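Asks: here is a sequence together with a model predicted from it:
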Amino acid sequence: SQTIHQWPATLVQPVGSPLSLECTVEGTSNPNLYWYRQAAGRGLQLLFYSVGIGQISSEVPQNLSASRPQDRQFILSSKKLLLSDSGFYLCAWSDRVPGSQYFGPGTRLLVL
Amino acid sequence: RKEVEQDPGPFNVPEGATVAFNCTYSNSASQSFFWYRQDCRKEPKLLMSVYSSGNEDGRFTAQLNRASQYISLLIRDSKLSDSATYLCVVNVGRGSTLGRLYFGRGTQLTVWP
């Protein structure tokens, strides 16, 4: 069966510091991968998606970036965090045929 | 206009009650439809897909009206464990392999004893 992992689970970072969140998927190959952010009391916002290694599409221009160095690895990064980057970051995967997505446990980020 | 709109609630119901959530979507090209459940401070989890003919999974019944672009979820015999936020989700196909999911902001349900 497929599983998706994210780490760390929680993170407290100062403004201006860098960020690296990692997501890995097991039990499937060539998945579509997604990064979402959910701010407190808000809906899910799609940040990036990827259909293959090195292929990244951005949905919202911001100070975040994403990379997919391996088929089942998706990384979310920032060079300098802003206060507004605080939120719940969720990685998700889906099969190549569009359908439902499955989420990892998320990383709760607080920027102070 | 938002892609997916839901009544945010909250809905507060006693155990055993029947509760219904509604959702509308704006893109007539939407291809597939889902309800997700999100517990407090947890990730969303797929509850069920929604089919045009309507479908049932135990106490949960989902309906889709493509003409009205309307989706519903009915929960019968509510349990305490049903307390969560329910997200209406629509997949708008784009390209050959990627479907863009649009999430409603969710409807909060609290079931009390």
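Replies: Noted; the coordinates are in hand. Numbers count the residues shown, from 1 in each chain, chains lettered A, B, ... in the order given.
Asks: list the residues that contact A:Ile62.
Replies: Actually, residue A:62 is Gln. It isn't Ile. Applying Cβ atoms under 8 Å, 6 or more residues apart in numbering or on different chains to A:Gln62 gives the contacts A:Leu47. The C-beta positions use only the backbone N, C-alpha and C, and glycine is treated the same way.
Asks: how about the one 4 residues further on?
Replies: Under the criterion of Cβ under 8 Å, 6+ apart, the contact list for A:Ala66 reads A:Trp35, A:Leu47, A:Phe48, A:Ser50, A:Ile56, A:Ser58, A:Phe74, A:Ile75, A:Leu76, A:Ser77.
Asks: the fifth one sits in which helix or strand?
Replies: Right, A:Ile56. Per DSSP states H and E, A:Ile56 falls inside strand A:55-58.
Asks: ok, back up a step: in PyMOL, how would I select the buried members of the contacts of A:Ala66?
Replies: Applying 16 or more other Cβ atoms under 10 Å in any protein chain shown to the contacts of A:Ala66, the buried members can be selected in PyMOL as follows:
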select buried, chain A and resi 35+47+48+50+56+74+75+76
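Asks: beta partners of the residue sitting nearest the centre point of chain A?
Replies: Centre of chain A computed as the mean C-alpha position; nearest residue by Cα atoms, centre = their mean is A:Trp35, 3.1 Å away. With DSSP bridges as the criterion, A:Trp35 is bridged to A:Phe48, A:Cys91.
Asks: ok, it touching A:Phe74?
Replies: Yes. Using Cβ atoms under 8 Å, A:Trp35 makes contact with A:Phe74 at a distance of 6.8 Å.
Asks: kindly export stretch B:23-34 (C-alpha atoms) in CSV.
Replies: Provided in CSV are the C-alpha atoms of stretch B:23-34 (Å, rounded to 0.1, in the frame of the first residue of the first chain):
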residue,chain,number,x,y,z
CYS,B,23,-21.7,22.6,-1.8
THR,B,24,-21.8,24.4,-5.2
TYR,B,25,-19.0,24.6,-7.8
SER,B,26,-18.5,27.1,-10.6
ASN,B,27,-16.7,25.2,-13.3
SER,B,28,-19.0,23.2,-15.5
ALA,B,29,-15.9,21.3,-16.9
SER,B,30,-15.3,19.7,-13.5
GLN,B,31,-14.8,16.0,-13.9
SER,B,32,-14.8,14.4,-10.5
PHE,B,33,-16.1,15.1,-7.1
PHE,B,34,-15.2,14.2,-3.5
